[in-house]
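Chemist: sequence and predicted structure below; questions after.
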Amino acid sequence: MRLIHYGEVQSTLESSPKKADLSEAQNHFDQFQEKLDKIYEDAGLIPTNMSAELS
């Protein structure tokens, strides 16, 4: 899995914020959330919506 670096996102947002395509970053975050949900469920815990927690 390719990591989206903060610098890449920052550069894109600074150069053209209205045209920024962050769909790849969102896809990676969604994959991360799915893996985290599985870890929580395997441990008998209620999964946490990290997007909401980090907002």
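Modeler: Ah, there it is. Numbers count the residues shown, from 1 in each chain.
Chemist: centroid residue for this structure?
Modeler: residue 29 (2.4 Å; Cα atoms, centre = their mean).
Chemist: can I assume it is in contact with residue 51?
Modeler: Yes: between residue 29 and residue 51 there is a contact under Cβ atoms under 8 Å: 7.0 Å. No exception for glycine: its C-beta is placed from N, CA and C like everyone else's.
Chemist: neighbours around residue 49, how many?
Modeler: Neighbour count for residue 49, taken as other Cβ atoms under 10 Å: 11.
Chemist: so what's it closest to, chain neighbours aside?
Modeler: Counting by Cβ to Cβ, 6 or more residues apart in numbering, residue 49 lies nearest to residue 33, which is 7.5 Å off, once chain neighbours are set aside.
Chemist: which helices and strands does the one helix or strand that neighbour maps to pack with?
Modeler: Here residue 33, judged by DSSP states H and E, is contained in helix 23-42. Other elements packing on helix 23-42 under the criterion 3 or more Cβ pairs under 8 Å, 6 or more residues apart in numbering; DSSP states H and E are helix 50-54.
Chemist: and the residue of the chain most remote from its centre, how far from residue 23?
Modeler: Distance from the centre of the chain peaks at residue 44, with 23.3 Å (Cα atoms, centre = their mean). Distance, residue 44 to residue 23, by Cβ to Cβ, to the nearest Å: 34 Å.
Chemist: give me the neighbour count for the residue nearest to residue 49.
Modeler: By other Cβ under 10 Å, 15 other residues sit near residue 33.
Chemist: so who does it touch?
Modeler: Contact analysis of residue 33 by Cβ atoms under 8 Å, 6 or more residues apart in numbering lists 49, 50, 51.
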